[in-house]
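K.L.:
pasting the sequence and the predicted coordinates here, then a few questions.
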Amino acid sequence: MNDRRIARVVIVGGGTAGWLAGAALAKLLAGVVEVHLIESDEIGIVGVGEATIPQIRTYNGALGIDEDEFIRATQGTFKLGIEFINWRKPGHNYFHTFGDNGVPLGRTPFHHYWLRARRDPGFADLWAYSANAQAALKRKFTRAAFEIGSRTGVVAHAFHFDAALYAKYLRGWSEARGVKRTEGKIVGVEQNAETGFVESVRLERGEVIGGDLFIDCSGFRGLLIEGALKTGYQDWSHWLPVNRAWAVPTANAGPARPYTQSIAHQAGWQWRIPLQHRTGNGHVFCSDHISEDEARAVLLANLEGEVLAEPRLIKFVTGRRKKFWNKNVVALGLASGFLEPLESTSIHLIQSGVSRLLALFPHTGIHQAEVDEYNRQCGLEFERIRDFIILHYHATERADSPFWTHCRTMSIPEELTRKMALFAVNGVIYREQEDLFTEASWLQVMLGQGVDPVGYHPMADQLSEADLHRFLSDLRTVIDRAVDAMPTHEAYIAANCAARQD
Ligand SMILES: Cc1cc2nc3c(=O)[nH]c(=O)nc-3n(C[C@H](O)[C@H](O)[C@H](O)COP(=O)(O)OP(=O)(O)OC[C@H]3O[C@@H](n4cnc5c(N)ncnc54)[C@H](O)[C@@H]3O)c2cc1C
C-alpha cells in the first residue's frame, strides 16, 4: 500500500494519550524510529482521567516504571475496585472489585458453589469471598501475598492519580529517553495529493514538521483523524446517553478510600476519586434529562470536602471513530472515541492501542493487512467494553426518573442480551474475544445490578452440603485473616509512597 519505511513518528498532542504513546515508542523502538511530539500549552489537556484498572501495571512494567516513584510523583493512591451506589435502586450498593471472587474447585467456577449455597443466609454475600472487597470495606491495602486455599492470593490493584501530574511525569520520562517535544499550535495539515497520506503539520508560527507515521492524540477534536482525513464517527448515544460532565476538586474529608465511588443520580452519576492531596469529583449526565445548571447543583450538593476550584464543564459524544487507523494516521485516546468514564477504561484503551500498534508496527511501510487487523481488534475491544458499561444502565430496577426509565427499557446490543439471558438461567458466563472484563467482573456487575440466575451448574452438586459449607467457611476465614493482617491504605501509602510535600 505504501512502502515508505517508517523512520519518523509524529505524535500530535501531549495529554495522557500522547505521552503514553511517546514513552512506549521511545523505550521499545529506540534506535528504530525518531519520535517527535507536538502539544499546545494554549489549548491544554482535558485534565480528567484519574482512575485506572490493573492492566496499567503491565504497561508500566513494560516501560520499567517504578510503581512507588510513580505514585509519589502523581499524588497517587491504590484502587481495589469501584463501589456502585444507588445503581440498582436508591439505597442499594455493591462493589465491582478487581481480582476473583473465591477460588474454583477443579473445573467448576467458584460462583456455582456459591449460587448453590446462598439460600443459607450465612453464605448469601458473594463479596465475603473476595479479598479485594473485604480490604476495600475495611480500607486496608497491601501488595504482600497471602495463602488462599492451596494458592497464593494478592489483592489486585490499580491506581488513582492526578491527571495533570501523570502527563507531567510521562513527559519527563519520555523526554529523558529521546522524545523531542515542540510547543505550538497546529493550524494546518498537508496531505499527499494522490494518496491522502498526511505528510506534515504546520504550526501557527510557521514551522512545518513532517513525518512518516502520525499518531493523533489531539483529544476530542481529532485534528488529523477527523479534521484532515474525515474518518467519521459511530455515535453510541442511543445506548450510552450521557454527554456532559462537571468536574471539580475538593479537599480530602478523611483518609483516602482505596476505591472509586460511583453514585447514581436522577440523570447520570457522580465519581469520587480519592488522591493523596485532594479528591477528584465529577457528575456525568445526559443533557436531554437535566440542565447544565441543575447538574452542577447536584454535584455541589453531594461533595464531601471543601471545594477547591470552580466546576468545569466537559462535553462529549459517546462512540468511536469508524477507523482507528486510517492511511498513515493512528488515533489514540479521546481522538479515537470515548465510552464515558464509568469503568475507568479510557487510559487502558490508549495503552492497548499502543501495544497493538507496536505488535503490528509498520516499519517497512504501511500495509492494509496490518491496518485492517489493528482496526478489527480495537473495534472488538471497544464494543465489548461498551456492552459492559451498558449493562450498568440497563439492568436496573430504577424507575424514578425519565432517564432511568429510558435506560431500563431501551434496546441493547444483541450480544449483551444473549450474555444476560445465559447468565440468568444457570449462571454461565463466557468471556468473548478481546473482552477486557473477566468472568469475575461480569459476575459482580450482573449480580450487583440484579440479574439473578435461577440455577447453577450441576458440577457444584458434587460436594456434600457439609463439605460445601466447610469449603466456603474456610475460604472466608482465610480472607478475613489476611485482610485483618493488612495495614490501612493510609498507613501503607505513608510507609511506601507518600508524595513529596513540595
Ligand atoms: C469526564 C471525563 C472523565 C474521565 N475519567 C477517566 C477515568 O477516570 N479513567 C480513564 O482511564 N479515563 C478517563 N477519562 C478519559 C481520559 O481523560 C482520557 O482518555 C485521557 O485524558 C487522554 O486524553 P487525550 O490525551 O486523548 O486528550 P487531551 O488530554 O485532551 O490532550 C489533547 C492534546 O492535544 C493537544 N492539541 C489539540 N489540538 C492541538 C493543536 N491544534 N495544536 C497542537 N496541539 C493540540 C492539546 O494541547 C493536548 O496536549 C475521562 C474523560 C472524561 C471526559
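P.N.:
That came in fine, so what should we check first? All figures in this text were calculated on a predicted structure; none of them were measured in a lab.

K.L.:
and residue 264, how many residues sit next to it?
P.N.:
Residue neighbour count, defined by other CB atoms under 10 Å, stands at 23 for residue 264. Just so you know, the C-beta spots here come from the backbone N, C-alpha and C atoms, and that holds for glycine as well.

K.L.:
what bridges to it?
P.N.:
Following DSSP bridges, residue 264 is listed with bridge partners residue 269.

K.L.:
run the chain-centre distance for stretch 27-39.
P.N.:
Distance, stretch centre to chain centre, for stretch 27-39: 25 Å (CA atoms, centre = their mean, to the nearest Å).

K.L.:
list the buried residues in it.
P.N.:
Burial within stretch 27-39, assessed by neighbour count using 16 or more other CB atoms under 10 Å, is assigned to 27, 29, 33-39.

K.L.:
ok, stretch 152-159 next?
P.N.:
Neighbour-count burial for stretch 152-159 [16+ other CB under 10 Å]: 153, 155-159.

K.L.:
looking at the buried residues of stretch 27-39, which is nearest the ligand?
P.N.:
Taking CB to the nearest ligand atom as the measure, residue 39 is the one of the buried residues of stretch 27-39 closest to the ligand, at 3.9 Å.

K.L.:
spit out the contact partners of that closest one.
P.N.:
13-15, 18, 181-183 (CB atoms under 8 Å, 6 or more residues apart in numbering).

K.L.:
just the buried ones out of those residues, please.
P.N.:
Buried by 16+ other CB under 10 Å: 13-15, 18, 181-182, out of the contacts of residue 39.

K.L.:
what segments of this structure are helices?
P.N.:
With helices called from DSSP state H, the chain shows them at 16-28, 55-63, 67-74, 110-117, 131-137, 163-175, 292-301, 346-359, 368-394, 402-409, 414-426, 439-449, 465-484, 489-496.

K.L.:
quick one: closest of these to residue 240.
P.N.:
When the helices of the chain are compared by CB to CB, helix 368-394 sits nearest residue 240, at 6.3 Å.

K.L.:
what is that closest one packed up against?
P.N.:
strand 325-326, helix 346-359, helix 402-409, helix 414-426, helix 439-449 (3 or more CB pairs under 8 Å, 6 or more residues apart in numbering; DSSP states H and E).

K.L.:
buried residues, that helix. List them.
P.N.:
Across helix 368-394, burial judged by 16+ other CB under 10 Å covers 370-371, 374-375, 377-379, 381-394.

K.L.:
near the ligand, which residues of this structure?
P.N.:
For the chain, the contact set with the ligand under CB under 6 Å from any ligand atom comprises 13-18, 38-40, 43-46, 48-52, 163, 185-186, 217-219, 221, 223, 245, 247, 282, 314, 316, 333-335, 341, 344, 346-347.

K.L.:
flag the shaky bits of the protein, pLDDT-wise.
P.N.:
Applying pLDDT under 70 to the chain picks out residues 1-3, 502.

K.L.:
report the central residue of it.
P.N.:
residue 345 (1.8 Å; CA atoms, centre = their mean).

K.L.:
was I right about that one contacting residue 53?
P.N.:
Yes - contact criterion CB atoms under 8 Å: residue 345 and residue 53 qualify, at 6.7 Å.

K.L.:
mutual contacts of the two, please.
P.N.:
Common contacts of residue 345 and residue 53, defined by CB under 8 Å, 6+ apart, comprise residue 436.

K.L.:
picking that back up, who's in contact with the residue nearest to the centre of the chain?
P.N.:
For residue 345, the contact set (CB under 8 Å, 6+ apart) comprises 53, 339, 385, 389, 436.

K.L.:
next, count neighbours for the closest residue to residue 441 other than its chain neighbours.
P.N.:
Using CB to CB, 6 or more residues apart in numbering and skipping residues adjacent in sequence, the residue nearest residue 441 is residue 96, 6.3 Å away. Counted with other CB under 10 Å, the neighbours of residue 96 add up to 27.
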